[in-house]
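> With the input below, show me the fold.
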Amino acid sequence: RSFLNTKQAKNNMNRLLQLLSILCFFVLVSSFTILSHNLSRQCALSNKLSTSLHAVIEKEAPLKDAGTTVVEPKTDSDGKKSKNRQDQKEQQHQNEEWEVRIFDDRINTREHVARSLVQIIGMPENNAYQTMMQAHKNGLAIVGRYAYEIAEMYNHGLEQQGIVSDLRAVSEH
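Numbers count the residues shown, from 1 in each chain. Here you go, the predicted model:
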């Protein structure tokens with residue numbers, strides 16, 4: 001009888017070791033999955049930031065100094081100085097209301113999106129959750145309507161968190 005108990009104890013111990021091995025394997029696989037998910041999100045964010053940085057560098061790159069040049073502003077037919085198109089566009093941007101929109105993607109978790117809306121936009125948690133769920137179900141959600149500079153700041157903050165977002169002038173409807 002003691003021989004059977006010893007043999008049965010060994011079998012139970014072997015089963016327990018097998019179960020522990022399987023459990024360790026699943027924990028290890030889960031850890032690697034989470035790690036690869038975070039790395040892919042960081043790579044996507046890094047690529048997006050790199051592209052943005054190159055665009056800024058190209059735009060902001062200093063021109064070679066070829067001497068001093070004075071450019072007189074253009075005048076209308078009645079002799080009044082007219083604003084250039086860039087000033088007119090900026091003025092138009094400032095007068096319009098802009099929507100910040102987020103889009104559903106397969107990279108970011110729902111929790112990350114909701115947390116980012118709370119931290120960047122300052123949304124209450126329940127509104128952030130509802131907005132995130134709307135984007136998840138419908139493919140996009142309107143975060144809110146803001147003046148251009150504020151909308152641009154929120155959009156930039158969301159993009160820095162890896163969230164796919166954009167701006168749209170409300171008058172474009």
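
> And the helices in the protein?
According to DSSP state H, the chain carries its helices in the segments 2-60, 85-95, 110-116, 125-138, 148-160.

> Kindly report which one of those helices carries the lowest mean pLDDT.
If the helices of the chain are sorted by mean pLDDT, helix 85-95 sits at the bottom with a mean of 60.

> I'd assumed residue 98 was in contact with residue 147.
Yes - between residue 147 and residue 98 a contact is recorded at 7.2 Å, counting by Cβ atoms under 8 Å. Where C-beta positions appear, they are placed from N, C-alpha and C, glycine not excepted.

> Quick check on the two: which one has the bigger neighbour count.
When neighbours are counted by other Cβ atoms under 10 Å, residue 147 and residue 98 differ, and residue 98 comes out ahead with 24 against 14.

> contacting residues around that one?
Applying Cβ atoms under 8 Å, 6 or more residues apart in numbering, we find residue 98 in contact with 145, 146, 147, 148, 151, 152, 167, 168, 169, 170.

> Quick check, pLDDT for it.
95.

> With the one 4 residues further on instead?
The score at residue 102 is 96. That number is its pLDDT.

> Next, count neighbours for residue 118.
Other residues lying near residue 118 total 16 when counted by other Cβ under 10 Å.

> contacting residues for the nearest residue to it once chain neighbours are set aside?
Counting by Cβ to Cβ, 6 or more residues apart in numbering, residue 128 is the residue found nearest to residue 118 once chain neighbours are left out, at 4.8 Å. By Cβ under 8 Å, 6+ apart, the contact set of residue 128 is 114, 115, 117, 118, 121.

> Top of those by number of neighbours, please.
Most neighbours among these, by other Cβ under 10 Å: residue 117, with 29 neighbours.

> correct me, but that residue touches residue 143?
Yes - in this structure, residue 117 is within contact of residue 143 by Cβ under 8 Å, at 6.8 Å.

> if I look at the two, which residues touch both of them?
By Cβ under 8 Å, 6+ apart, residue 117 and residue 143 have these common neighbours: 102, 123, 131, 158.

> Determine the number of other residues adjacent to the last one.
Pointing back at residue 158 there. The burial count for residue 158: 22, using other Cβ under 10 Å.

> wouldn't it be in contact with residue 116 here?
Yes - counting by Cβ under 8 Å, residue 158 touches residue 116, with 6.2 Å between them.

> List the residues that contact residue 105.
Contacts of residue 105 by Cβ under 8 Å, 6+ apart are 163, 164.

> State the distance from it to residue 157.
The spacing between residue 105 and residue 157, counted by Cβ to Cβ, to the nearest Å, is 17 Å.

> Check residue 14 too.
For residue 14 relative to residue 157 (Cβ to Cβ), the value is 55 Å.
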